[in-house]
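**Student:** Quick one: sequence plus predicted model below, questions after.
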Amino acid sequence: MPTSTIKNQAKSDHIDSVVSLSEKKTSSSKSELDCQCPVVKAENFSFYYGSKAGVKDISMEFYPCSVTAIIGPSGCGKSTFLRSINRINDLIPNTSVKGNLFVNGHNVYDKNTNLVNLRQQVGMVFQKPNPFPKSIFDNIAYGPKLQGVKSRSKLQQIVEESLKAAALWKEVKDDLKKSALALSGGQQQRLCIARALATKPNTLLMDEPCSALDPIATGKIEDLIGRLQSDYTIVIVTHSMQQAARISRRTAFFCLGELIEYGSTVDIFRNPGKKQTEDYVTGRFG
Amino acid sequence: MENTITNREAEPVAESNDLSLVLTPLEDLRGFLFHHLGRLLLFLITSSSVIAVFLIFFFVIREAMPFIKEHDLIKFLTSKQWYPEADTPKFGALSMIVGSAYVTVASLIFAVPVGILAAVFLSDIVSFRIREIVKPVIEILAAIPSVAYGFFAVLVLAPWLQNKFGFTTGTNALNASIILSIMALPTIISVAEDSISTVGRELREASYGLGATRFETIFKVVLPTAHSGIIAAVILGMMRAIGETMVVWMASGNAAQIPAPWWNLSQSVRTMTASIAGEMGETVKGSDHYYSLFATGVLLLILIFTLNLISEYFLVSAKKKLGKI
Ligand SMILES: Nc1ncnc2c1ncn2[C@@H]1O[C@H](COP(=O)(O)OP(=O)(O)O)[C@@H](O)[C@H]1O
Ligand SMILES: [Mg+2]
């Protein structure tokens, strides 16, 4: 018992230091007014697999120009909630929803939702890098081509911009024709981020984007997220509390399909309002 | 401090295990025999099937040798004159070669698009439960004896074609092609469906996540990714059609001729397989006719063997592409 307390103290010290770092980083570069209005807003939102609830009664908002982290023990509905936002969970048969979920003010579970536009505005990065078995160029150009961009030079421009934004351009600029599967895992994940950026989204959903990567590749993705946050609404699911502390401004803690606590990352880790949250972030549970 | 505590707790577990780590001579011998006899047995079983294949090859080629030595092979491959029992016999197999190619290609023109669409339908459109019912049914279709299809061709399809379209005969190239395509479908559907299913949820989600519709996802991601497996499916279906004997014998009308004009499917044709099966009973062993049928057999073997190699190549590269090897 005594040892675990010592460990926890060490952990929270570590978190303190990274939290203060990220505070410094994020407070510098925004015009606060643009960032007040939520881009994604859930109102009493529930998602059911058959009769079993994946998430229950979630009400929360995601704000632009910042990173929001969702943490919680596995199976608590983090992915379910994230995948509800761009309705990619629609692909799973026999599911249903209750409540409302707004993206840019539109209830995405309305019948008249244009799924194509929704998914191009709300990009997604998955847990395992999933590039298409096509060339690097064709991977990035996939989304723009769906949008009807035909001109080769325009596509080239988009590919270059996206790869630069995803900090991959320098490494691959000479072999855009190479198969994307020849890249390393970390490069593949940055390619997937570039691919999502190519459709010009305003929101990026990331479901444990680093869990299949080594620490160095993880560091690069985290740097990238830090750089992208001034232009996008980023929601990241992560199982690593250190990662949440390092990169996010706000953190939501989920447990058993419910939102337990949501607030600034500093508060969630330094003085959580609920016992459950405290137990989780101090490592006593989960 | 910490270490001593964990050590003391671990002690009782370590005590209870007192088994010798050395094999007794008997155990050693037993292991040796099991290992080597087992391997020998497996080797014999495996090699016997390989040997059987080689024996078939050897036998067919040996019986074809006298013909290959004595006759002009170019003529065999390019002449339409097949009069094996005439006073001055003529052995031009072109009609049969064309007949085989004819019904094979015609059947594939129908079976390939239908088979691939059915595979897509099964893997990406119908619900899981329906797929679990339909797939075994399709695989059973592949197991129906071909003579049953032959009966259907002669008793149902032939009269229908004759009445409906006014053909002079109902047993013709069209009839054989239709039946062959029905027979090739199960193979094509089930192999193509397997390869389409292995494309996996991740790639489909990536595509939908970028705003693609189901149609776009299927045609721009799923089918291109599965293309090697689909080509293999088509070739396997083709082999089924080329190698099929009973049905074409019953349905094709069995006339050793090349349809004129070439697109006229309502005329009768004869395939290599039907020629071998049909004429073998009428030949005298050791006659030129007898040997010529084996030469036709060698041609078939070479064709099927080549197709097999090609399909194998595509199946392996399909797996490589998805990182399964
Ligand atoms: N496709 C599915 N079908 C049925 N239940 C599912 C499916 N996906 C997830 N679930 C269930 O929903 C709950 C939440 O899962 P998930 O959102 O994946 O959790 P997390 O991402 O937090 O680990 C779990 O209990 C899980 O078993
Ligand atoms: Mg998850």
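**Tutor:** Cool, got the structure. Ligands and ions are numbered 1, 2, ... in the order given.
**Student:** Now do A:Gln229, the pLDDT please.
**Tutor:** pLDDT, A:Gln229: 91.
**Student:** Now do the same contact list for it.
**Tutor:** The contact partners of A:Gln229, by Cβ atoms under 8 Å, 6 or more residues apart in numbering or on different chains, come to A:Thr26, A:Cys65, A:Ser66, A:Val67, A:Arg249. No exception for glycine: its C-beta is placed from N, CA and C like everyone else's.
**Student:** Do stretch A:121-129 and chain B come into contact?
**Tutor:** Yes - using Cβ under 8 Å from any Cβ of the partner chain, stretch A:121-129 reaches chain B at A:Gly123, A:Met124, A:Phe126, A:Lys128.
**Student:** Buried ones among the contacts of A:Gln229?
**Tutor:** A:Thr26, A:Cys65, A:Ser66, A:Val67, A:Arg249 (16 or more other Cβ atoms under 10 Å in any protein chain shown).
**Student:** can you put the residues you listed in TSV and add secondary structure, pLDDT and distance to A:Gln188?
**Tutor:** Converted to TSV, these look like this (DSSP: H, G, I helix; E, B strand; the rest coil; pLDDT from 0 to 100; distance: Cβ to Cβ, whole Å):
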residue	secondary structure	pLDDT	distance to A:Gln188
A:Thr26	helix	44	28
A:Cys65	coil	90	27
A:Ser66	strand	91	26
A:Val67	strand	95	22
A:Arg249	coil	94	27
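**Student:** JSON lines for those, including distance to ligand 1?
**Tutor:** Converted to JSON lines, those look like this (distance: Cβ to the nearest ligand atom, whole Å):
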{"residue": "A:Thr26", "distance to ligand 1": "25"}
{"residue": "A:Cys65", "distance to ligand 1": "25"}
{"residue": "A:Ser66", "distance to ligand 1": "22"}
{"residue": "A:Val67", "distance to ligand 1": "18"}
{"residue": "A:Arg249", "distance to ligand 1": "21"}
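**Student:** for the residues you listed, which one is nearest chain B?
**Tutor:** Chain B has its nearest neighbour among the buried ones among the contacts of A:Gln229 in A:Val67, at 19.3 Å by Cβ to the nearest Cβ.
**Student:** all strands in the chain, in order from the N-terminus.
**Tutor:** Assuming you mean chain A. Applying DSSP state E to chain A gives strands spanning A:40-49, A:52-62, A:66-71, A:95-103, A:106-107, A:122-125, A:203-207, A:233-237, A:250-255, A:258-264.
**Student:** hmm, I had chain B in mind actually
**Tutor:** B:82-83, B:90-91.
**Student:** helices or strands up against the first one?
**Tutor:** Packed against strand B:82-83, as judged by 3 or more Cβ pairs under 8 Å, 6 or more residues apart in numbering or on different chains; DSSP states H and E, are the following elements: strand B:90-91.
**Student:** elements contacting the strand it packs on?
**Tutor:** Against strand B:90-91 (3+ Cβ pairs under 8 Å, 6+ apart) you get strand B:82-83.
**Student:** hmm, try it at 10 Å
**Tutor:** Judged by 3 or more Cβ pairs under 10 Å, 6 or more residues apart in numbering or on different chains; DSSP states H and E, strand B:90-91 is in contact with helix B:73-78, strand B:82-83, helix B:288-321.
**Student:** I'd like the ones you listed laid out as CSV, including distance to B:Val126 and mean pLDDT.
**Tutor:** Formatted as CSV, those follow (distance: least, Cβ to Cβ, whole Å; pLDDT from 0 to 100):
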stretch, distance to B:Val126, mean pLDDT
helix B:73-78, 46, 89
strand B:82-83, 48, 89
helix B:288-321, 23, 88
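**Student:** Of those, which is nearest A:Arg119?
**Tutor:** Among these, helix B:288-321 comes nearest to A:Arg119, with 26.0 Å by Cβ to Cβ.
**Student:** how far out from the middle of the chain is the closest one?
**Tutor:** Counting by Cα atoms, centre = their mean, to the nearest Å, helix B:288-321 is centred 10 Å from the centre of its parent chain.
**Student:** Check stretch A:122-131 too.
**Tutor:** Offset of stretch A:122-131 from its chain centre (Cα atoms, centre = their mean): 9 Å.
**Student:** ok, how many other residues are close to A:Glu208?
**Tutor:** With neighbours defined by other Cβ atoms under 10 Å in any protein chain shown, the count for A:Glu208 comes to 22.
**Student:** do the same with A:Lys111
**Tutor:** Look at A:Lys111: counted by other Cβ under 10 Å, it has 5 neighbours.
**Student:** Next, format the strands of chain B as JSON lines and append distance to ligand 1 and mean neighbour count.
**Tutor:** Below are these laid out as JSON lines (distance: least, Cβ to the nearest ligand atom, whole Å; neighbours: other Cβ atoms under 10 Å in any protein chain shown):
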{"stretch": "strand B:82-83", "distance to ligand 1": "62", "mean neighbour count": "17"}
{"stretch": "strand B:90-91", "distance to ligand 1": "65", "mean neighbour count": "16"}
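**Student:** Distance to B:Ile109 added to the ones you listed, as CSV?
**Tutor:** Below are the strands of chain B laid out as CSV (distance: least, Cβ to Cβ, whole Å):
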stretch, distance to B:Ile109
strand B:82-83, 26
strand B:90-91, 31
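**Student:** and the closest residue to ligand 1 within the stretch 101-250 of chain A, what is it in contact with?
**Tutor:** Proximity of the stretch 101-250 of chain A to ligand 1 (Cβ to the nearest ligand atom) peaks at A:Val237, 6.4 Å away. Neighbouring residues of A:Val237 by Cβ atoms under 10 Å, 6 or more residues apart in numbering or on different chains: A:68-72, A:78-79, A:81-83, A:127, A:205-209, A:211, A:244, A:252, A:254.
**Student:** A:Gly105 versus that one, what's the distance?
**Tutor:** 24 Å (Cβ to Cβ, to the nearest Å).
**Student:** got a list of what A:Thr80 touches?
**Tutor:** The contact partners of A:Thr80, by Cβ under 10 Å, 6+ apart, come to A:46-49, A:53-55, A:58, A:89, A:92, A:95, A:254, A:257.
**Student:** One more pass at 8 Å, please.
**Tutor:** By Cβ under 8 Å, 6+ apart, the contact set of A:Thr80 is A:Phe47, A:Tyr49, A:Gly54, A:Val55, A:Asn89, A:Gly257.
**Student:** Quick one: buried ones out of those?
**Tutor:** With neighbours counted by 16+ other Cβ under 10 Å, these contain buried members at A:Phe47, A:Gly54, A:Val55, A:Asn89, A:Gly257.
**Student:** What is the nearest of the residues you listed to A:Leu197?
**Tutor:** A:Asn89 (22.4 Å).
**Student:** I figured that closest one hits A:Ser96, correct?
**Tutor:** No - the criterion here is Cβ atoms under 8 Å, and A:Asn89 misses it with A:Ser96 at 10.5 Å.
**Student:** Now do the shared contacts for the two.
**Tutor:** Listed as contacting both A:Asn89 and A:Ser96 by Cβ under 8 Å, 6+ apart are A:Phe47.
**Student:** which residue ranges form the helices in the stretch 101-250 of chain A?
**Tutor:** A:115-121, A:136-146, A:152-165, A:169-172, A:185-197, A:215-228, A:241-247 (DSSP state H, counting those that start in this stretch).
**Student:** Okay, angle between the fifth one and strand A:203-207 too, please.
**Tutor:** Regarding helix A:185-197 and strand A:203-207, their directions subtend 150 degrees when assessed with axes from the mean of the first three to the mean of the last three Cα atoms, to 10 degrees.
**Student:** before we move on, the earlier item: can I get the strands of chain A in TSV including distance to B:Ser100?
**Tutor:** Output for those, formatted as TSV (distance: least, Cβ to Cβ, whole Å):
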stretch	distance to B:Ser100
strand A:40-49	53
strand A:52-62	57
strand A:66-71	63
strand A:95-103	51
strand A:106-107	61
strand A:122-125	51
strand A:203-207	54
strand A:233-237	59
strand A:250-255	64
strand A:258-264	68
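**Student:** So which of the ones you listed is nearest B:Ile125?
**Tutor:** Among the strands of chain A, strand A:95-103 comes nearest to B:Ile125, with 17.4 Å by Cβ to Cβ.
**Student:** Count the neighbours of the spatially closest residue to A:Val55 that is not a sequence neighbour for me.
**Tutor:** Nearest non-adjacent residue to A:Val55, counting by Cβ to Cβ, 6 or more residues apart in numbering or on different chains: A:Gly77, 3.9 Å away. Look at A:Gly77: counted by other Cβ under 10 Å, it has 23 neighbours.
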